[in-house]
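# here is the input, now give the coordinates:
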Amino acid sequence: MTAPDPVAIALARQMPWTVAEPESIWVASGRINPKSTFTDCLLYALPLEVTEGAVLFVYIGALSSSREYIEPSMISKAHELILTYAADPLTAYLDRDQDAINRALEKQ
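Below is the predicted model of the structure:
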């Protein structure tokens, strides 16, 4: 078994959207081209089956009619949103996100 690439690990820590989980939701800002930027937009990470294994995002909401894919390299800052139940905000809507909530609670 080969050891994980330390450069890849450092990049994933600095820019976690480059290794986004499929179907995760992000708030992101960045640049589509030299003249067009986006700021604090909701993005959805497409399932890997749709993207042939690449991490790609699409807009959610008003900009969702845009057929443009957002590549991780276009994003300059982002953070992942974790959906919870309104009646129980410490329980993640998606099971895969519960660990993140538990880790955050342990740090308190």
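
# ok, and the closest non-adjacent residue to Trp17?
Closest residue to Trp17 apart from its sequence neighbours, by C-beta to C-beta, 6 or more residues apart in numbering: Ala78 at 4.4 Å. Quick note: C-beta positions are derived from backbone N, CA and C, even for glycine.

# wasn't the one you found part of a helix?
No - under DSSP: H, G, I helix; E, B strand; the rest coil, Ala78 falls outside any helix and is assigned strand.

# per-residue pLDDT, it?
Here, the pLDDT recorded for Ala78 equals 97.

# again with the one 10 residues further on
The model reports Asp88 with a pLDDT of 94.

# burial measure for it, as a count.
In terms of burial, Asp88 registers 8 neighbours under the definition other C-beta atoms under 10 Å.

# give the buried residues for stretch 79-91.
For stretch 79-91, burial by neighbour count (16 or more other C-beta atoms under 10 Å) applies to Glu80, Ile82, Thr84.

# list just the nearest of the residues you listed to Pro47.
Glu80 (16.1 Å; C-beta to C-beta).
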